[in-house]
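Novice: Let's see this in three dimensions:
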Amino acid sequence: MNIAYLKKLSNSDSIASNEAEVRNVMLEELKDYADEISYDNLGSIIFKKEGNINGPKIMICSHIDEVGFMVRSISSQGQIMLMEVGGVKQLSKFMQKVRITTNEGHKVNGILNANYDNGVATKVYVDIGATSYEEVLKLGIEVGDMVTFTTEFEELDIDNTICGKAFDDRLGCFIIGEVLKKLKNEVHPNTVYFVGTSSEEVGIRGAKTATYKINPDIILPIDVACFSDEFIRDHTNNRQISKGMMLTNFDKTLVPNRKLINFIKKSARNLNKELQLDMFTTGGTDGGEAHKVYSGKPVAVSCIPVRYGHCGYSIANKNDIQDAIDIFVEIIKNFDEKAYEETIKF
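Specialist: Take a look at the predicted model:
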């Protein structure tokens, strides 16, 4: 597994509509494997891999933005007030190391903090040690600048276990890139578009615009999911690390195509890979907007299980990631025109 590439993705800073760092990391890593590279007008990056031009068009996507903040205002005392971008966990807004990325790309470290009001963080700000508005301004910090956690990717002492920031959804970005690489010398009965989608965390925006641009026949988003209580490891928790890729059967924005779900299950069985089957009672993924484009798109969502999400640190297992890579290669090798026609047969 290319840990160096995964580390670059995790350590990069990219909130919605300010995603150049991740986009550039992906471009540098994958440019020699794609037959064509393009973008939508929101900044989603699209890697096209040609196979049978008469076969179905498959879009496999993962979002390139992470949860974080933007500078909203600067006080006379040098406190940098923030606007949340995406749903950051409440407890992650207190006493955390963060960095501000200025318009010129300069990184300024500080401490994220807030007032605690009955379990809710209010007046969220960054303290960089300044005592005046002028001190902050001299560093090039201004309204609209990106603020992200400073977590450095690392491999933990437990075998195959990794920790880092922005696993939502840099793990997905990593997977689509590794699948693209594995197709380099493969003959596949379709054309595949690997898409790093913009602005998922603020309303699933890039998936919609990219789908309009590509007009694929089917869409397979890859995201991550965590369970609400890590003390529970029974049948109710189907998001356990090291237990395999998760297949999503329902969320608040999408009820997936059952025939696509079954095709993914069959692909996993072909490789003797375990799947975790689950549903979301809240939230959604890129599939929520992508499936509504034009006359409708068959969609099925897969997720990598993680511990802890929308915060400064997540934990994942490399075996789950590798399983997903292998399963998606298997899907692509076998999803032909006949499989597509069966998918839309009602």
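Novice: quick one, helices of the stretch 1-150 of the chain?
Specialist: Secondary structure of the stretch 1-150 of the chain by DSSP state H, counting those that start in this stretch: the helices cover 3-11, 20-30, 133-138.
Novice: Please tabulate those helices in TSV, including the columns distance to Asn113 and mean neighbour count.
Specialist: The way it works is simple: take the backbone N, C-alpha and C, and place the C-beta from them, glycine included. Shown next, in TSV, are those (distance: least, CB to CB, whole Å; neighbours: other CB atoms under 10 Å):
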stretch	distance to Asn113	mean neighbour count
helix 3-11	23	19
helix 20-30	25	19
helix 133-138	16	15
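Novice: Would you format those as TSV with distance to Ala316 and mean pLDDT included?
Specialist: As requested, the helices of the stretch 1-150 of the chain are exported to TSV (distance: least, CB to CB, whole Å; pLDDT from 0 to 100):
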stretch	distance to Ala316	mean pLDDT
helix 3-11	10	98
helix 20-30	17	98
helix 133-138	36	97
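Novice: Please convert those helices to CSV, extending it with distance to Gln276.
Specialist: Formatted as CSV, the helices of the stretch 1-150 of the chain follow (distance: least, CB to CB, whole Å):
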stretch, distance to Gln276
helix 3-11, 21
helix 20-30, 27
helix 133-138, 46
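Novice: what's the residue closest to the geometric middle of the protein?
Specialist: Residue closest to the mean C-alpha point of the chain, counted by CA atoms, centre = their mean, is Asp169 at 1.8 Å.
Novice: Quickly note the distance from Glu50 to Ala4.
Specialist: Look at Glu50 and Ala4: by CB to CB, to the nearest Å, they are 28 Å apart.
Novice: I meant to write Lys243 there.
Specialist: 26 Å.
Novice: Now do the contacts for the residue lying closest to Gln322 once chain neighbours are set aside.
Specialist: Nearest-residue entry for Gln322: Met1, 6.3 Å, with adjacent residues in sequence omitted and distances by CB to CB, 6 or more residues apart in numbering. Met1 makes contact with Glu178, Lys318, Ile321, Gln322, according to CB atoms under 8 Å, 6 or more residues apart in numbering.
Novice: isn't there a helix covering the last one?
Specialist: Yes. Secondary structure of Gln322, determined by DSSP: H, G, I helix; E, B strand; the rest coil: located in a helix.
Novice: Val147 and Thr102 touch, don't they?
Specialist: No. Val147 is beyond contact range of Thr102, at 10.7 Å (criterion: CB atoms under 8 Å).
Novice: Looking at the two now, which is surrounded by more residues?
Specialist: Per other CB atoms under 10 Å, whichever of Val147 and Thr102 has more neighbours is Val147, with 27 against 16.
Novice: Now do the contacts for that one.
Specialist: Going by CB under 8 Å, 6+ apart, Val147 touches 15, 68-71, 80, 82, 98-101, 112, 126.
Novice: go with 6 Å
Specialist: By CB atoms under 6 Å, 6 or more residues apart in numbering, the contact set of Val147 is Gly68, Phe69, Val98, Ile100.
Novice: swap in Asn334?
Specialist: Here Asn334 is in contact with no residue (CB under 6 Å, 6+ apart).
Novice: Okay, it and Met245: tell me how far apart.
Specialist: Look at Asn334 and Met245: by CB to CB, they are 17 Å apart.
Novice: cool, Gly164 as well?
Specialist: Distance of Gly164 to Met245, computed by CB to CB: 19 Å.
Novice: Check Asn118 too.
Specialist: Distance, Asn118 to Met245, by CB to CB: 38 Å.
Novice: who has more neighbours, these two?
Specialist: Shown here are Asn118 and Met245; by other CB under 10 Å, Met245 has more neighbours (26 against 5).
Novice: pretty sure the more buried one contacts Gln322?
Specialist: No. The criterion here is CB atoms under 6 Å, and Met245 misses it with Gln322 at 9.7 Å.
Novice: Quick check: which ranges of the stretch 101-250 of the chain have low pLDDT?
Specialist: Residues of the stretch 101-250 of the chain meeting the criterion pLDDT under 70: none.
Novice: Could I get the full set of strands for it?
Specialist: With strands called from DSSP state E, counting those that start in this stretch, the stretch 101-250 of the chain shows them at 107-117, 120-127, 146-149, 154-155, 161-164, 191-197, 218-225, 245-248.
Novice: Distance to Ala268 added to these, as TSV?
Specialist: Below are the strands of the stretch 101-250 of the chain laid out as TSV (distance: least, CB to CB, whole Å):
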stretch	distance to Ala268
strand 107-117	40
strand 120-127	40
strand 146-149	33
strand 154-155	26
strand 161-164	22
strand 191-197	19
strand 218-225	13
strand 245-248	7
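Novice: among the ones you listed, which is the most enclosed?
Specialist: Mean neighbour count (mean count of other CB atoms under 10 Å) peaks for strand 191-197 among the strands of the stretch 101-250 of the chain, with a mean of 29.
Novice: What separation do you get for Ile64 and Lys265?
Specialist: As judged by CB to CB, Ile64 and Lys265 stand 28 Å apart.
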